[in-house]
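J.: Predicted model and sequence follow; I will ask about them next.
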Amino acid sequence: MPLLDAVAEAGPVGIDATTEQQARVESCAGALLDAGYEKAQARVPLSGTYDLLYSMAKGGSNGKVGPFIGKVCQIIVDDKSFINQVQLLGGALKVQLRAEREVLDDERIRVSFIETIFTLFGLEVKRQRTEGVGIWEQVYVERGLDGSAKLRVMRTPSLFILRQR
């Protein structure tokens, strides 16, 4: 898939990629709009853990905190709840953003952020309420063999690409 090749070249933190790499990822993602078999992409079930392959978001949700780049994943808890997680320093520092989702229609999901939890060496050091709501538009969703989403391309409005483990 050309998108995955472009993402592999650009790396997960899109804002650090070259302009050419960003343009290639954007072009490949745009080519997938309405290309999938799923007509109700926001309704495809999510399960398991999704690794962030690429993000054009600024801030910690792309995995970059100062000079450090962590591993980002999304852990699906149930049909409504999930956790966006960033692990830094080999997992010594973990930041988890708990959120809930609501399918609005076939293409859009409303995401409400609930709380952020910071752990250091496995011990919780801070928990704080987090407010915010966003609409995630599904660009492309590909089902896996189990029927759940295997590959997800969405705009929050920043481009995010996630793949199921």
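T.: Done, it's in. Numbers count the residues shown, from 1 in each chain.

J.: Show me the strands in the chain, by range?
T.: Remark: strands assigned in the chain by DSSP state E are 49-55, 64-65, 68-69, 71-76, 81-88, 93-103, 108-120, 123-129, 133-143, 149-155, 159-164.

J.: and the ones you listed, which one is worst for confidence?
T.: When the strands of the chain are ranked by mean pLDDT, strand 64-65 comes last with a mean of 87.

J.: I'd like to know which elements that strand is packed against.
T.: For strand 64-65, there is no helix or strand it packs on, judged by 3 or more CB pairs under 8 Å, 6 or more residues apart in numbering; DSSP states H and E. The way it works is simple: take the backbone N, C-alpha and C, and place the C-beta from them, glycine included.

J.: make it 10 Å
T.: Counting contacts by 3 or more CB pairs under 10 Å, 6 or more residues apart in numbering; DSSP states H and E, strand 64-65 packs against strand 81-88.

J.: Pull out the buried residues from the lengthiest helix in the chain.
T.: In the chain, assigned by DSSP state H, the helix with the most residues is helix 19-32. Judged by neighbour count (16 or more other CB atoms under 10 Å), helix 19-32 contains these buried residues: Gln21, Gln22, Arg24, Val25, Cys28, Ala29, Leu32.

J.: starting at the chain centroid, how far to stretch 158-165?
T.: Relative to its chain's centre, stretch 158-165 lies at 5 Å (CA atoms, centre = their mean, to the nearest Å).
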